[in-house]
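Trainee: Sequence first, then the predicted structure:
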Amino acid sequence: MDKKIQELLTRGVEEAIDKENLQKKLTSGKKLRIKLGIDPTSPNIHLGRSIPLLKLRDFQELGHKIILIIGDFTGLIGDTSDKDSERPMLDEKTVKENLKTYIQQAGKIIDIQKTEIYHNSKWLSKLNYAEITRQTDAFSLNEFISRENISLRLNKGKRVSLRELLYPLMQGYDSVQVRADVEIGGTDQRFNLLVGRNVQRLHGQQPQDIITNPLIEGLDGRKMSSSFGNTVNLFDSSNDMFGKIMSLRDEFILRYFILLTRVPLKIVENYREQMTEGANPRDIKLKLAKEIVSLYHSLPEAKAAEEVFIQTFSQKKVPIDLPKFKPQDRNIISVLTDSGLATSRSEARRLVDQGGVKVGGTVVDNINFVVSSGVVLQKGKIKFLEII
RNA sequence: CCGAGGGUGGCAGAGUGGUCAAUUGCAACAGACUGUAAAUCUGUCGGGCUUGUCCCUACGGGGGUUCGAAUCCCUCUCCUCGGACCA
């Protein structure tokens, strides 16, 4: 089989259903319709979402039609697949706000010009009870409650809303509307994706094949999620993104390479060998950071970000252009709070106490210290401020 | 509508009259070490200052009992579970 198709079906793929059928479709030369749905639950798309988006791009490069569904309706309902509790319904305003730049963000990965984009409120808001009732045959209550996270909640006596049952149907109906041949989603979406097949059958369509992608760990090792604040966002500035990736746990370096970049697997394998032979993981991580930043910004920006990083952290130099601050009160405690480096005077005091504040490179050990113009104030390792 | 249980710091979750600004875990912040904003270890983690066995604010809202309440009582409110109603 074609090597490209081989990688398409394995890299960043947890499971493919029905794999044989999908392979057949892919080798047939037919142009397939590949669907991905994203709910606007947060204003930022993070790297976890880039896994299916990259997969979408792979398909796009092979000449298939990709379809992006913006879940402006489903976002209001709230999917609980990945949650251990009921997810609150978002209000329309939040969803609208979150939506604003979604396409632009996705456009950092896929070619928007060649992509079909839909908002699912277009059809979901119009369904009537007759239609919905018909769809409710797509799966049974038994199947639903046997899902691990649902049964867990039931056993704990936690509430499971009827609303949550409807969610998979909506997602499935999206597939009907766009006549999807393949749908991509995280492993947590497995149930929903499978339901989609049934909904399609109910509407006399060939059921879609399914590709699930693994969920990626965030910077702290827990699942990447906006609610944990451990995400790298596609809209992060190049320096920020670079720094965040450098703070990634070493053990995830290779995984990030495989899932979040398209660096050839051969080279990734080579990195693995280098590290087992004792290479400093930091150096591999620098490559990773550079790779990812250039994916979402540009190679020159990535190089610049690397330069900044090495300057400030490896060589502990003061960054070149740092934020300036003109204090009213020049007492060190006031400067720290007024500039926002500390949230309260108590905290500012503690920082000084702990030796976390430096002026012009020397530790401030006195609460009554007065800062003069032109000096560089440093809080911790990464926050700098030029006093004017 | 009735009954039961519950609402505690950014989150999770202890505490059921004083020793509680509140155990612990996560997150966050600082320091040490380093290979980096990794890991590990240490410390901090409501606010204020005159840094004290100090003051102020705080355990859903309001009121009360008490020398003293997160803890007891009343009331309001919200959540969950069960029941009633309906079939």
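Mentor: Cool, the structure landed.

Trainee: in chain A, which segments are predicted with low confidence?
Mentor: A:1, A:78-91, A:152-159 (pLDDT under 70).

Trainee: residue ranges of the strands in it, please?
Mentor: Ranges of strands in chain A, per DSSP state E, are A:15-17, A:33-38, A:65-70, A:115-119, A:182-186, A:209-213, A:324-325, A:357-359, A:362-363, A:376-379, A:383-387.

Trainee: Take those strands and lay them out in CSV including distance to RNA strand B.
Mentor: Every C-beta, even on glycine, is put in place using the N, C-alpha and C of the backbone. Output for the strands of chain A, formatted as CSV (distance: least, Cβ to the nearest atom of the strand, whole Å):
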stretch, distance to RNA strand B
strand A:15-17, 29
strand A:33-38, 25
strand A:65-70, 28
strand A:115-119, 29
strand A:182-186, 21
strand A:209-213, 24
strand A:324-325, 16
strand A:357-359, 7
strand A:362-363, 8
strand A:376-379, 6
strand A:383-387, 6
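
Trainee: Dump these to JSON lines, plus mean neighbour count and distance to A:Val293.
Mentor: Converted to JSON lines, the strands of chain A look like this (neighbours: other Cβ atoms under 10 Å; distance: least, Cβ to Cβ, whole Å):
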{"stretch": "strand A:15-17", "mean neighbour count": "16", "distance to A:Val293": "30"}
{"stretch": "strand A:33-38", "mean neighbour count": "24", "distance to A:Val293": "22"}
{"stretch": "strand A:65-70", "mean neighbour count": "23", "distance to A:Val293": "24"}
{"stretch": "strand A:115-119", "mean neighbour count": "16", "distance to A:Val293": "24"}
{"stretch": "strand A:182-186", "mean neighbour count": "25", "distance to A:Val293": "24"}
{"stretch": "strand A:209-213", "mean neighbour count": "24", "distance to A:Val293": "22"}
{"stretch": "strand A:324-325", "mean neighbour count": "13", "distance to A:Val293": "26"}
{"stretch": "strand A:357-359", "mean neighbour count": "20", "distance to A:Val293": "28"}
{"stretch": "strand A:362-363", "mean neighbour count": "10", "distance to A:Val293": "33"}
{"stretch": "strand A:376-379", "mean neighbour count": "20", "distance to A:Val293": "25"}
{"stretch": "strand A:383-387", "mean neighbour count": "18", "distance to A:Val293": "21"}
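
Trainee: Make JSON lines out of those strands and add distance to A:Val232.
Mentor: What follows is the strands of chain A, written out as JSON lines (distance: least, Cβ to Cβ, whole Å):
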{"stretch": "strand A:15-17", "distance to A:Val232": "25"}
{"stretch": "strand A:33-38", "distance to A:Val232": "17"}
{"stretch": "strand A:65-70", "distance to A:Val232": "21"}
{"stretch": "strand A:115-119", "distance to A:Val232": "23"}
{"stretch": "strand A:182-186", "distance to A:Val232": "17"}
{"stretch": "strand A:209-213", "distance to A:Val232": "17"}
{"stretch": "strand A:324-325", "distance to A:Val232": "28"}
{"stretch": "strand A:357-359", "distance to A:Val232": "28"}
{"stretch": "strand A:362-363", "distance to A:Val232": "32"}
{"stretch": "strand A:376-379", "distance to A:Val232": "23"}
{"stretch": "strand A:383-387", "distance to A:Val232": "20"}
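
Trainee: and A:Arg163, which of the ones you listed is closest to it?
Mentor: Relative to A:Arg163, the nearest member of the strands of chain A by Cβ to Cβ is strand A:33-38, separated by 17.7 Å.

Trainee: Adjacent strands (with direction) for the closest one?
Mentor: Paired with strand A:33-38 in the same sheet, following DSSP bridges, are strand A:65-70 (parallel), strand A:182-186 (parallel).

Trainee: dump the residue contacts of A:Ser151.
Mentor: A:Ile145 (Cβ atoms under 8 Å, 6 or more residues apart in numbering).
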